[in-house]
Structures are given as structure tokens and as C-alpha cells.
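# Sharing a sequence plus its predicted fold:
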Amino acid sequence: MTDFLLDELNEPQREAVTTTEGPLLLLAGAGSGKTRALTYRIAYLIHEKGVKPWHILALTFTNKAAEEMKQRVNDLVGIDANAVWVSTFHSACVRILRRHAELLGYTTSFSIYDSDDQKTLMKQVIKKLDVDPKIYKERSVLAMISSSKNELISDLEFNQIHQGDFRLRKTGELYSEYQRQLKMNNAMDFDDLLLNTVRLFQIAPDVLEDYQERFQYILVDEYQDTNTAQFKIVSMIAGKYKNLCVVGDDDQSIYKFRGANIRNILDFERVFPQARTIKLEQNYRSTKNILEAANQVIAHNMGRKKKTLWTDNDEGVKVAFRQYDSAFDEADGIIRDIIQNREQYSYGKCAVLYRTNAQSRLLEEKCVAYNVPYQLVGGVNFYQRKEIKDLICYLKTIDNGRDDLAVQRIINVPRRGIGAASISKLMDYADSRDIHFFDAICEYEHISGLGRAGARIGEFLTQIQALRAKAEFLTVKELLEQVLEDTGYRAELESEETVEAESRLENIKELINKAAGMKDEAGDPTALGRFLEEVALVAEVDNMNPDEERVILMTLHSAKGLEFPKVYLSGMEEGLFPGMMSINSGDPEDLEEERRLCYVGITRAREILVMSAARTRMVNGENHYSRVSRFVEEIPAGMLQQRNHDAEHRDALRMSSRGTGYSRPKAAVLSTPGNISYRLGKEFTVEKADQLDYSVGDRVRHVKFGEGTVTNIEEGKRDHEVTVQFDRVGEKHLFASFAKLAKIQ
DNA sequence: CGCGAGGATATTTTT
DNA sequence: TATCCTCGCG
């Protein structure tokens, strides 16, 4: 078994797998098979070294990475693998903290505040301390607190360090008050999870020792993204056995803005003098052309670990660069290019990457216009969506009333006539007595000046109590549905009848599905807590299904760790990428980080890489002219296949936007119903189709609504009216030419 | 209390 | 250009 495993590895990978004892730094370039090395290492530890699975801890950054690793370890090792702790830093910390929360003055059921909660709380703190919100914006104060926590600087230390500076002293006060409030709410923010774990280990050496014994072998993925706190946690646990293997690529460190400390990787050998370093330099992913372009760009950074990526793969085709007149043309060009080449590179093989989320809009519009199935990754987090948070806060409130923010959030959602004035009366009352907001609600009859709202508060209280009673014999899913009914939340959305409300209901359905996935007995008292826990730490639902044939649109940041046969890097413009901020900051490090981001982008591509830029682009409302990104110019011109998309294309577009409409390139005529003729721009004309290529009973797909079954087709004057029962959104009436339904199978 | 008008404000992102 | 937030009015 083991020999068989090792045969699948190249020399340095094998070394990385078999060097099990002592600290090991694995410098793994993009596409060099680092996840493979990590998972094989775990398998090797268990099978060859006889290490018990529960003595192994593997830490990753994202849930997705953790999931993937778990999966791959499972495939490799078998059932034993479940005993291996494979988790994100944050969830590992939660697990540890729950067990020992009392030592830090928290109860075991402490709640976790996400960035929205943090903002809300900070707003309250700023108000309470009566500082000028113009000068102390919650966003920047929180950023400062966060980076302090990441550097393991507590509010006390912060105050000590910044005695001299008035403004920072004030910030320190905000920090302290913020922490006080968190503690009162029995809550930790994301950074606290790390910070408190370190504190726990410091104040309870016996606890630390338990974990040192427990985790004799530690692996850390994406090590270049760890911050100081994370490094501390790892080195504390590894302090005894020192069997610590970290895998990273300094060239792919792109999270400095969020506390990642690149020194963690550059200084690893200093902190662990006995450390061995192994480099994985063979790239299995990209063509020679793509890899060479990446190498050229990243070579412009100073202070890297020496490392040269090479590959045995084919030359491939040259990296393309295209400059368009406007961002509009760029998006159009990219999507049309995808359509034209879809024979060779189907939709699912293409990804369009960009620097800022704002850039996705144009691309999205083009996809819709050309009926190209697409998947937008990122944007607003599922669990950060309003409707989801509302429901979660209901569940939190039902679970226990100890989370003030949660209660405050939902007390007037849906509208119950409890306004800001009443809420702040309740808050004052709670404050003055040092009790929880929810307790204040319970005593609403004793609070003067509530007026009409008093009765409403009473109704709210009754409702929550009724739900609590029901919770005792319901599953989480049933409880959720009960909440939707009893509070009128669903009714309110349904009565809205807007597209937006529609998609909210859809999101809610997804949450219910998630709850249904919990295997809980009706009334299981721990189930609700477990559900909330899961939800607090799981960010994006992993909805990027690689089997589906959709063009992926996402930011460069979220592309890390992924690969695609064909990649478009859009918006290669000075001021956008690299961004204005990094150009003007004066810190050359910032520009280097942007360059690393570019490197990450380039190395996502397996076979085809197309970079593009626009001469003009709308930025913050005004037209902006920009030069081609320096990153493009850092690739020698001879290595690029350049094309200017001015004259010919522009003329073609101009002509087509007059007259009868723009006829799409031949290749772009898809299985769309009818002969749709477009004009560019938002409006387009449609012609009624003679015949539809689907009929009643057929399964069809819609870009926005997903899959469904045709239940009726009616002959209209100008168009066919199609009724479709969609799986996710229910029944819809659509005009055939607009809906652009595609038959499945 | 709710709504609409007008002003300020614009990275990147995970947990 | 959009979106978010605040403020003032009904």
C-alpha cells in the first residue's frame, strides 16, 4: 500500500511525505501538488509510522479546503480518517474553547459574532462612549482592533502602547468597551477565537499539555496566510513534539490586509532552527507559456524565497492580451470569446477573474444577454444575507436570550410597531440594571414610557415564549418553519411579489434544507445549539459544482486554490489592478501583494490564459481613463499575443447597434428558442420563434431560475408564453424569447 | 413609526 | 453610478 502510494509522488514530494519527524517547511509553488503531498503524508503517518489518527491535526484556512482535504484523506486512508482532526483554524479553536470556556469567564455556549454583528456592536459602543462617529468610524476602529488581536495585543496592552496619542487612546477606550460588551453578551468575534485560544493555553498550561499530547503531528496548509495569533497557536501546540509541517508559498500570500504575516513563512527556519526545508517546484498544472508568464511577473518582487517553478507540460499557446475601448466592450468581448470557443472549451472550463467585485456586474449582464450559463462566486455571503441572519437571530433568541444583538435585530422584524425609541428605552433599562436586553423585555410592564409599543413588546415576548415551548418537540427544520409562519415573516415576503422577495424566499428554502440535513430527533435540546454553531462558522455554501457547465465569475482572491482550463484575467489596468490604494500607499509591500495576486491569477490557468484591459471604465460614477497594468508589461512582449480591439470590432459593434439589430456570431447560435436578435445595450429586440425546441413536459434550464418542467405553452400575439414549474423558485410565466430556456437532455 | 429625499461614500475576504 | 445611511417630515 505504502509503496504504491509513494510511487505516485515525485522525489521532493516523497521526501516531504516521509520526513515525518521534526519541523518541516514545505515550499510548494502553484500547482505543484501540495495538497497531494499533505494528504499522502497523513496516510503515510498512519499506515507506515503507525501514528494513531487522533494524534494528527491538519489545519486549513477555509472550510472548503478542509472539506477537500478530509475527502482526500478519507479516500486514501479509509475509515480511520474520521479520527484525524482536519479543520479550519477557527473551528479548531471553537472546539477547544467550548471545552474550557469557563476558564476564560465565558459559558460553554458562547456565541460567535460575525462582521455584521461586530459592526452593530461597535456602533453602539461609539454611541455609548459619545465619540465623534465621523472621526471614529466603526469600520476603521474595528480594523484596528482586529489587527491588534491578530498580533495578540489585548485592549490593555493596546492602551499601554498608545498612551501618547490622543486618537489612539480613544480608540483604545473603544476597544476596551467593545470587549466588555462582547463578554457581557457571552460572545467572541472571529479574532477572539484565536486570541482566546492563545490566552487559554497561557493561563492553563495543563490544558495546553493535553493538546500537545493529543496532537503529536501537526500540518498547516496555506501557511503563508497565517497571522501571528495562528502561528502562536500552532507553535504552542507543536512546542513539545515539534512535529510540525507547514505548507505554503510566499508568492501566493495575498491576505496581508487581513493580518496574514508573511514573516511567518520567511522566518520559519529562524523560529525552528532544526527545520528542514523542501521545495516543490515542478508544476503539473499549466503550460510552459503560462508558467513562464507567471514567473516573469513574480520575478519583479523582492524578498522572496528562492524558488523556480518549472513544468514538463507542453508549450501550449501564447498568453493573450487584448485591450478594449471600454469596460463594456471588454465584458462583451470576453463573453463572446467564450461562446465562440465553446466547442473546445465548454462553459464549465472557463473562469473570468477580476480584482473587485464591482467588475462582476458587466460580465453578469453580458452572460444574461447572450444566454451563457454562469455562476457568480462570492459577493454577499449566504449567511450574511438579511433574511438568513434574521432567521438565525430568531433561532438564537429562542435558544437563549443571551445574545442582545440577536434580540435587538429581530424585535421589530417583521414590523411590529416597536421603533428605535422603544428599543433604546429597553436598552437603557437593561443597561441601568446590568441585565440582558431580553430580560428587559420580560419586564416590559415595569418600564415607563413605552406607551403603545408596550403592548407590542408583550406580543413579541409571548410569541418567543410560545416558540420556545414548541421547540421542545420540534426538529430544527420544523422550528424554522414554525418561526416563518408564526412571525409572519414568510407572509410578508410572499405579499411583496418582487424578484427580490422571490430570491429571499429561495434563500430561506436553502436554509431550511440545511436544517433538514441535520440528523436531529424532534425536541433534541442540543440540536439547535449545534445548528447555530455550524452556521456561525460555515461561510459560503459550497455551491460551486464543478460538474455543472457554467462559466465561473469570481474575484482573484476567491480563485486561490482553484484551477481552470481557460482563464480570463480582466481589468488589467493601472489603478484597478494594481489598485489605486496600493500604488499610492507608499509601501512597496502593498504593490508586491498585488503582484502576488496577479501571480495567483495567472497560475490558475491550465491551458489558455487571456488577459484584457479597458481604456475607459466607470469608477465611482465617473469615466476613468487608464493605462495598461504594469503587470502585463512585466511580461516580455514577445511572450504575448497582443490584440487591439479597437477599430474593427468597434465598427462592427457600431453598425450592428443601428438597424435591425446585431446578429450574433454564427457559433453563438445556441439551442435557444426562436431567432433572437440582439442590439447591444440593455434593451434588445426579440422576434417570435416559429417553433420552440421544447414542449410541455420537457425539462428546461433558465439562467436565473435553474431547472424546471414546462407545464404549459400558450400562443401569444408576439411570443409564446411558457409556464414552467421551477424546482427552486416554483411556477413562473415567461415569454419564450426573453426567458431563453434551454432544453435539458 | 415609517417613508422618502438627499448626502456621503466607494478594495480585496475568511472565519 | 449605485448603495447605504441619516435626517426630517407626515
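Perfect, thanks for sending it.
# where's the residue in the stretch 251-400 of chain A that DNA strand C sits nearest to, which helix or strand?
Sorted by distance to DNA strand C under Cβ to the nearest atom of the strand, the residues of the stretch 251-400 of chain A start with A:Arg361, at 7.4 Å. Just so you know, the C-beta spots here come from the backbone N, C-alpha and C atoms, and that holds for glycine as well. Assigned by DSSP states H and E, A:Arg361 falls within helix A:360-370.
# Parallel or antiparallel, list what pairs with the longest strand anywhere in chain A.
Ranked by residue count, the top strand of chain A under DSSP state E comes out as strand A:605-619. Neighbouring strands of strand A:605-619 in its sheet, by DSSP bridges, are strand A:319-326 (parallel), strand A:564-569 (parallel), strand A:622-625 (antiparallel).
# out of those, which comes closest to DNA strand B?
In terms of Cβ to the nearest atom of the strand, the element of the strands paired with strand A:605-619 nearest to DNA strand B is strand A:622-625, at 8.1 Å.
# Up against DNA strand B, what does the stretch 551-700 of chain A have?
By the rule Cβ under 7 Å from any atom of the strand, the part of the stretch 551-700 of chain A lying against DNA strand B is A:555, A:557-558, A:579, A:581-582, A:620-621.
# Serialize those residues to CSV and add fields for secondary structure.
CSV is the format used below for those (DSSP: H, G, I helix; E, B strand; the rest coil):
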residue, secondary structure
A:Thr555, strand
A:His557, helix
A:Ser558, helix
A:Gly579, strand
A:Met581, helix
A:Ser582, helix
A:Asn620, coil
A:Gly621, coil
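# Selection in PyMOL covering whichever of those residues are buried, please.
Selecting the buried subset of these in PyMOL, with 16 or more other Cβ atoms under 10 Å as the burial test, is done by:
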select buried, chain A and resi 555+557+558+579+582
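# Check the residues of the stretch 551-700 of chain A next to DNA strand B and tell me the two furthest apart.
Using Cβ to Cβ, those reach their maximum pairwise distance at A:Ser558 and A:Gly621, which is 26.1 Å.
# Secondary structure element holding A:Cys245?
Using DSSP H and E, A:Cys245 falls in strand A:244-248.
# My error: substitute A:Glu68 in the last question.
According to DSSP H and E, A:Glu68 maps onto helix A:63-77.
# burial measure for A:Met184, as a count.
Other residues lying near A:Met184 total 12 when counted by other Cβ atoms under 10 Å.
# who in the stretch 151-300 of chain A is up against DNA strand B?
Going by Cβ under 7 Å from any atom of the strand, the residues of the stretch 151-300 of chain A near DNA strand B are A:190-191, A:255, A:257-258.
# among these, which are in helices?
Counting by DSSP state H, those place A:190-191 in helices.
# Filter the residues of the stretch 151-300 of chain A next to DNA strand B down to the buried ones and hand me the ChimeraX line.
Entered in ChimeraX, the line below selects the buried ones among these, by 16+ other Cβ under 10 Å:
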select /A:190,191,255
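# re the thing from before, which other helices and strands does the helix holding A:Glu68 contact?
Judged by 3 or more Cβ pairs under 8 Å, 6 or more residues apart in numbering; DSSP states H and E, the packing partners of helix A:63-77 are helix A:34-47, strand A:56-60, strand A:85-88.
# what angle do that helix and strand A:56-60 make?
Orientation check (axes from the mean of the first three to the mean of the last three Cα atoms, to 10 degrees): helix A:63-77 against strand A:56-60 gives 140 degrees.
# Check whether helix A:63-77 comes near DNA strand B.
Yes - contact of helix A:63-77 with DNA strand B (Cβ under 7 Å from any atom of the strand) involves A:63-64.
# could you dump that helix to PDB, C-alpha only?
Listed next in PDB are the C-alpha coordinates belonging to helix A:63-77 (Å, rounded to 0.1, in the frame of the first residue of the first chain):
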ATOM      1  CA  ASN A  63     -13.900  25.300   5.100                       C
ATOM      2  CA  LYS A  64     -13.700  24.400   1.500                       C
ATOM      3  CA  ALA A  65     -10.100  23.400   1.800                       C
ATOM      4  CA  ALA A  66     -10.800  21.500   5.000                       C
ATOM      5  CA  GLU A  67     -13.600  19.600   3.300                       C
ATOM      6  CA  GLU A  68     -11.500  18.800   0.300                       C
ATOM      7  CA  MET A  69      -8.600  17.500   2.400                       C
ATOM      8  CA  LYS A  70     -11.000  15.500   4.600                       C
ATOM      9  CA  GLN A  71     -12.400  13.900   1.500                       C
ATOM     10  CA  ARG A  72      -9.000  13.100   0.000                       C
ATOM     11  CA  VAL A  73      -7.600  11.700   3.300                       C
ATOM     12  CA  ASN A  74     -10.700   9.600   3.500                       C
ATOM     13  CA  ASP A  75     -10.300   8.200   0.100                       C
ATOM     14  CA  LEU A  76      -6.700   7.400   0.800                       C
ATOM     15  CA  VAL A  77      -6.800   6.100   4.400                       C
END
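# Great, nothing more from me.
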